[in-house]
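Undergrad: Attaching a predicted model along with its sequence, questions to come.
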Amino acid sequence: MPRITGSISLPGDKSISHRAALFSALTPAVNSFTNFNMNADCRATLDILKNLGIDWVLEDDLLTITGNELSSWQPPAGTLDAKNSGTTTRLMSGLLCHLPFPTVIDGDNSLRNRPMKRVIDPLQQMGAKIEHNQGKLPLKFMPVGELHGIGYNLPVASAQVKSALCLAARYANSPTEITENWVTRDHTERMLGLPVIRNGKSSVIKVNPGYEIPQLSMPIPGDFSSAAFFLVAALINPGSQLEIRNVSLNPTRTGLLKVFELMGITYHTETTRLRPEPIGNIRIESQEFSNVEIPSDLVPVIIDEIPILSVLGLFGRGELVVKNAEELRYKESDRIARIVQMIRTFGGNIDELPDGFILTGQRKLNGGYITTDDDHRIAMSAAIASTVIESDVKIDKPECVEVSLPSFWELLHSVSD
Ligand code: S3P
């Protein structure tokens, strides 16, 4: 059992990196980013932009993007390949529906199984012409005249759909009002400077056609969702002490820290910059803690962290209860099914629910063979569990971490004492 020690910084936040590239592509201005995450997902966004005539160059750690008006984007060669990336597909859809030439966007088998109706429906309400395969990929966008603004109450907690609409609304001929009844990640609103009216957990985003794209250049904060794996590694390996530097502290991303507080876990954060995105350092040590039932309003802000939370739950006192998380079934894999299978392989006690799971903490675990279904977050969760398990844990596709954190294995090695 290694101690997890040291001080690390992580590649840029995946959600912010996608947005940095996409939003920069929309104006003739030049924007530059350090710590942009060149993982497979964000690379898919950049490659699609290049195929649409947008120029970008990466020199050392500096990505420079020179955008263009949407009306000057070029017809692509062939199908746009979003690979495994839901964020690329859904955000890009809000722009493709406005192009004066047809485009087709497609992806790998996992992405072809993910629901796209959630983004097709509101775009069609705005007047978009989209052909699809029963609400799934491939999507074909046909040129139309102008789209019009709509009032839209988001039926699912999805920052991707919200962001697609914020983009589509820029090119509509009348204002759009988007209402969401949950808190979800707010990078789009922050980076584009869109006005948000909050009322408790609900908020309304008012989007006027032709809103100006602000200057976007920034150092991209480290990815909190990647940090979560190392925070849990430190918590469950006795004698550990870890610092993560320059990581996103955006409160719509750090819901896991709220869960830590409910579990009685202590940690320290220090904010070093607030705008455009909060950033800072987190310090944590191994400790004992209790499992809890996750409040349903926290689910959308920990949605990507639930696989690693299930590993944490194995080491807590009592029951970890996750409900109202059916969205997990529509991620890169059916994450509820994959979590249940992973925890059972480790000899853990877990009950599957239609919208979550109930897991009982215990420390006696065994190794085994983990089927990831090519899901990066399942692979990294299993790898963190393996740091504590004495017998061998084999992961079928360790390379699938490329999707979000290609340097995961090196980083894990670097903090394992
Ligand atoms: C993301 C939003 C979330 C998250 C995904 C990235 C984003 O998806 O799970 O990893 O960058 O907007 P949904 O919006 O589908 O919940």
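TA: Now that the structure is in, tell me what you want to look at. Residues are numbered from 1 along each chain as shown.

Undergrad: what does the stretch 301-417 of the chain put close to the ligand?
TA: Proximity of the stretch 301-417 of the chain to the ligand, by CB under 6 Å from any ligand atom, involves residues 303, 304, 327. From N, CA and C alone the C-beta is placed, and that goes for glycine too.

Undergrad: how about JSON lines for those residues, with distance to residue 235 added?
TA: Output for those, formatted as JSON lines (distance: CB to CB, whole Å):
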{"residue": "303", "distance to residue 235": "20"}
{"residue": "304", "distance to residue 235": "18"}
{"residue": "327", "distance to residue 235": "25"}
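
Undergrad: Among the residues you listed, name the ones in helices.
TA: Among these, no member is found in helices (DSSP state H).

Undergrad: By neighbour count, which of these wins?
TA: residue 304 (24 neighbours; other CB atoms under 10 Å).

Undergrad: Quick check: chain neighbours aside, which residue is closest to that one?
TA: Residue nearest to residue 304 in three dimensions, not counting chain neighbours: residue 225, with 4.6 Å by CB to CB, 6 or more residues apart in numbering.

Undergrad: Contact partners for the one you found?
TA: Taking CB atoms under 8 Å, 6 or more residues apart in numbering, we find residue 225 in contact with 13, 14, 253, 304, 305, 377, 404.

Undergrad: now do residue 389
TA: Counted by CB under 8 Å, 6+ apart, residue 389 has contacts 346, 365, 366, 367.

Undergrad: residues in contact with the closest residue to residue 170 other than its chain neighbours?
TA: Nearest residue to residue 170, sequence neighbours excluded (CB to CB, 6+ apart): residue 211, at 5.8 Å. The neighbourhood of residue 211, defined by CB under 8 Å, 6+ apart, consists of 170, 192, 193, 194.

Undergrad: Which pair of those residues spans the longest distance?
TA: Greatest spacing in the contacts of residue 211, by CB to CB: 170 and 193 (12.2 Å).

Undergrad: the more surrounded of those two?
TA: Comparing residue 170 with residue 193 by neighbour count (other CB under 10 Å), the higher total belongs to residue 170, at 21 against 11.

Undergrad: Would you enumerate the residues in contact with the more buried one?
TA: By CB under 8 Å, 6+ apart, the residues touching residue 170 are 26, 207, 209, 210, 211.

Undergrad: got JSON lines for those residues, with pLDDT too?
TA: Formatted as JSON lines, those follow (pLDDT from 0 to 100):
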{"residue": "26", "pLDDT": "98"}
{"residue": "207", "pLDDT": "98"}
{"residue": "209", "pLDDT": "98"}
{"residue": "210", "pLDDT": "98"}
{"residue": "211", "pLDDT": "98"}
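
Undergrad: Residue 8: which element?
TA: According to DSSP states H and E, residue 8 maps onto strand 5-9.

Undergrad: again, but for residue 284
TA: Going by DSSP H and E, residue 284 is in strand 279-285.

Undergrad: Counting by contacts, list what the following helix or strand past that strand packs against.
TA: Per DSSP H and E, the first helix or strand lying C-terminal to strand 279-285 is helix 306-313. Helix 306-313 sits against helix 224-236, strand 319-322, helix 335-345, strand 356-360, helix 376-386, with contacts defined as 3 or more CB pairs under 8 Å, 6 or more residues apart in numbering; DSSP states H and E.

Undergrad: one step back: and the contacts of residue 225, which is closest to residue 139?
TA: Here the nearest of the contacts of residue 225 to residue 139, counting by CB to CB, is residue 14; it sits at 21.7 Å.

Undergrad: Just give the number of residues close to residue 72.
TA: 10.

Undergrad: Burial check on the closest residue in space to it that isn't next to it in sequence, number of neighbours?
TA: Of all residues not flanking residue 72 in the chain, residue 53 sits nearest, at 7.5 Å (CB to CB, 6+ apart). Applying other CB under 10 Å, we find 13 residues neighbouring residue 53.

Undergrad: before we move on, what about the one 5 residues further on?
TA: Residues lying near residue 58 (other CB under 10 Å) number 13.

Undergrad: Could you say which helix or strand holds the residue of the stretch 1-150 of the chain found nearest the ligand?
TA: Using CB to the nearest ligand atom, residue 15 is the residue of the stretch 1-150 of the chain that sits closest to the ligand, at 3.2 Å. Element membership of residue 15 [criterion: DSSP H and E] is helix 14-24.

Undergrad: So which elements touch that helix?
TA: Going by 3+ CB pairs under 8 Å, 6+ apart, helix 14-24 lies up against strand 30-34, helix 40-51, strand 62-66, helix 86-96, helix 159-170, helix 187-192.

Undergrad: possible to save these as TSV with distance to the ligand and mean pLDDT?
TA: Shown next, in TSV, are the helices and strands packed on helix 14-24 (distance: least, CB to the nearest ligand atom, whole Å; pLDDT from 0 to 100):
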stretch	distance to the ligand	mean pLDDT
strand 30-34	16	98
helix 40-51	9	98
strand 62-66	18	98
helix 86-96	4	98
helix 159-170	4	98
helix 187-192	7	98
